[in-house]
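J.: Got a predicted model here, sequence first, then my questions.
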Amino acid sequence: MAAQESQDIRSPKKSEETQQPLGVYACPTCKREVELGPDGLYCRVCAVTYPILDGIPDFIVEKLEKSSNWTLRMIGKRDSTILLDFAVDVYETCVYPVVCNLYGGWRSTSLKQLAHEVSDIVGSQDGLILDVACGPGTYGRRIASASRTIYGIDACMSMLRRGVRYVERGNFPTFTSPAPRSRRCPSQPVCLTLPSALGP
């Protein structure tokens with residue numbers, strides 16, 4: 001990934017209502033609070049600074065292109081390339097429907113129907129919901145509401161950047177943007193229980 005300038009997570013362009021509280025984030029290694037430092041989010045316990053790239057906290061400290069996991073290695077090699085950025089741009093309109101048809105069969109459930117089903121599963125659950133492998137916020141932006149804030153995490157920076165653009169354009173005040181780039185949950189342990197609201 002090309003070196004990019006770190007930014008303050010509390011962007012002055014955002015209103016007070018859409019700014020993220022730092023207390024939600026924690027070091028993915030030790031699960032302790034992180035604090036905003038001059039170069040990103042800093043964990044005092046691990047003495048590690050996690051950079052903020054394009055307003056997105058990056059909690060991945062390893063080089064993904066050298067990962068032993070094939071999928072992560074491919075993301076690391078292709079993230080932020082022109083080809084992947086193009087694929088991300090057409091993800092929900094072209095890529096996602098094909099994947100649904102491959103895995104679900106011809107005439108499988110559409111993205112709109114799947115989003116409705118996820119919304120039904122979440123039901124009246126209010127508060128914070130963690131969307132793991134959120135991509136560009138495919139489901140999170142569709143289930144966000146005035147009483148439900150969605151935090152998303154993903155390993156692919158290209159997907160997260162697209163999600164940020166969707167949120168900025170679509171005025172989704174409770175889909176938290178930026179979402180952290182992470183392999184492990186970079187939040188306080190209480191967030192780990194939130195997906196249990198999605199069903200058994």
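T.: Yes, it's here. As the structure is a computational prediction, the values presented were derived from the model and not from experiment.
J.: Can you show me the helices along the chain?
T.: 70-78, 82-89, 96-104, 111-122, 140-143, 157-170 (DSSP state H).
J.: Give me the buried positions along the last one.
T.: Applying a neighbour-count criterion of 16 or more other Cβ atoms under 10 Å, the buried positions in helix 157-170 are 157-164, 166-167. All C-beta spots, glycine's among them, are computed from the backbone N, C-alpha and C.
J.: cool, the second one as well?
T.: Taking 16+ other Cβ under 10 Å as the neighbour-count basis, helix 82-89 is seen to contain the buried residues 84-85, 88.
J.: could those be laid out in TSV, adding pLDDT and distance to residue 35?
T.: Shown next, in TSV, are those (pLDDT from 0 to 100; distance: Cβ to Cβ, whole Å):
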residue	pLDDT	distance to residue 35
84	87	32
85	88	32
88	88	31
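J.: So which of these is the closest to residue 135?
T.: Closest approach between the buried residues of helix 82-89 and residue 135, by Cβ to Cβ: residue 88, at 8.2 Å.
J.: ok, that closest one - contacts?
T.: By Cβ atoms under 8 Å, 6 or more residues apart in numbering, the contact set of residue 88 is 136, 156, 158-159, 161-162.
J.: Let's have the buried residues of helix 157-170 in a markdown table, adding pLDDT and distance to residue 101.
T.: Output for the buried residues of helix 157-170, formatted as a markdown table (pLDDT from 0 to 100; distance: Cβ to Cβ, whole Å):
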| residue | pLDDT | distance to residue 101 |
| --- | --- | --- |
| 157 | 89 | 27 |
| 158 | 90 | 23 |
| 159 | 89 | 21 |
| 160 | 88 | 26 |
| 161 | 87 | 27 |
| 162 | 88 | 22 |
| 163 | 85 | 23 |
| 164 | 83 | 28 |
| 166 | 83 | 23 |
| 167 | 79 | 27 |
